[in-house]
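A.B. asks: Task: produce atomic coordinates for the following.
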Amino acid sequence: DLAPRLLPTNATPGAADITMEDLVTLRAGLERTSGSAYGEWVSSSNWVANALSRPMVAEPGTRMLYSTGSTHVLGAVLAEATGLSLLEQARSRLGAPLGIEIPAWTRDPQGYFLGGNEMALRPTAMLKVATLLRDGGVFDGEQVIPTSWIEASTRPHTRSPWSGLSYGYGWFVSPSGYVLGRGYGGQIIAAHMGRDLAVAITSDPTQPARSGGYFGDLVRLLDGPILALS
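C.D. replies: Numbering: from 1, shown residues only. This is a model prediction of the structure:
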């Protein structure tokens, strides 16, 4: 309904019925483009079409399938629906109100900014995003993001089969009360509303940070020494 021209002629049956909520909660049901499939996906001539033509391996809206293809389709739909690129949206909705620089990042062959990876922010900018989240969408006394959206996006909708963390609209939610934005290599934007904490963690972006390895260590750091500070 929002971006019908993004659907390829060979779209998987049922792809047209995938909702925005299915995409943002990683419950699109399509075969994953992450992990071992990532290289083949980004080598394709049309990333959106490739993602939407993959087999349906689960009923949309049911189980979480971590896939950059789903968030990339989401970003392309947002660009089509608004007439603004993800970069323009990020700069106007977050960059300007928070006073942070958001550099341009990778685009796909059709010109859509990558909806799941490779945005780069300074640690100080990451911390401002964490503060915005912690304070219910308020930054420097102004309501930048509606509180209703913060509440909806941080409400658990599914659960990661790898980390065991709950998942909302792009945010992981930990049992201890953190809301987490997780980037490759151990980049973390974290907020704990109940403890008045906003945290930014950066790590080597070239190294993997698996849930059972380094990322797990970072979660234990958040749950232990950092939570104790509050």
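A.B. asks: residues in contact with the residue nearest in space to the middle of the chain?
C.D. replies: Within the chain, one residue has its C-alpha closest to the average C-alpha position: by C-alpha atoms, centre = their mean, that is G170, at 4.0 Å. Under the criterion of C-beta atoms under 8 Å, 6 or more residues apart in numbering, the contact partners of G170 comprise 24, 71, 153, 181. No exception for glycine: its C-beta is placed from N, CA and C like everyone else's.
A.B. asks: What residues are recorded as beta-bridge partners of the last one?
C.D. replies: Yep, that's G181 we're talking about. Beta bridges link G181 to I189, judged by DSSP bridges.
A.B. asks: V129 is in contact with that one, correct?
C.D. replies: Yes: shown here, G181 and V129 form a contact pair, counting by C-beta atoms under 8 Å, at 7.4 Å.
A.B. asks: Overlap of the contact sets of those two?
C.D. replies: With contacts taken as C-beta under 8 Å, 6+ apart, the residues that reach both G181 and V129 are I189.
A.B. asks: Can you report how many residues lie near W47?
C.D. replies: When counting by other C-beta atoms under 10 Å, one arrives at 24 neighbours for W47.
A.B. asks: Over to G111?
C.D. replies: By other C-beta under 10 Å, 9 other residues sit near G111.
A.B. asks: Over to the one 4 residues further on?
C.D. replies: As a burial measure, G115 scores 24 neighbours (other C-beta under 10 Å).
A.B. asks: Can I take it that it is in a helix?
C.D. replies: No: secondary structure of G115, determined by DSSP: H, G, I helix; E, B strand; the rest coil: coil, with no helix assignment.
A.B. asks: Skipping its backbone neighbours, what lies nearest it in space?
C.D. replies: For G115, ignoring the flanking residues on the chain, the nearest one in space by C-beta to C-beta, 6 or more residues apart in numbering is G75 at 2.7 Å.
A.B. asks: likewise A120?
C.D. replies: Closest residue to A120 apart from its sequence neighbours, by C-beta to C-beta, 6+ apart: P103 at 6.0 Å.
A.B. asks: Helix, strand or coil: sort out that neighbour for me.
C.D. replies: Per three-state DSSP, the local secondary structure of P103 is coil.
A.B. asks: Do I have it right that it meets A125?
C.D. replies: No: taking C-beta under 8 Å as the contact criterion, P103 and A125 are not neighbours in contact, 10.2 Å apart.
A.B. asks: Counting neighbours, go ahead and name the busier of these two.
C.D. replies: In this view P103 and A125 are compared by other C-beta under 10 Å, and A125 has more residues nearby, 19 against 11.
A.B. asks: ok so that one is a helix residue?
C.D. replies: Yes: A125 sits within a helix when classified using three-state DSSP.
A.B. asks: any idea how far Y184 is from the spatially closest residue to it that is not a sequence neighbour?
C.D. replies: Leaving out its chain neighbours, the residue that sits closest to A125 by C-beta to C-beta, 6+ apart is I100, at 3.8 Å. Separation of I100 from Y184 (C-beta to C-beta, to the nearest Å): 20 Å.
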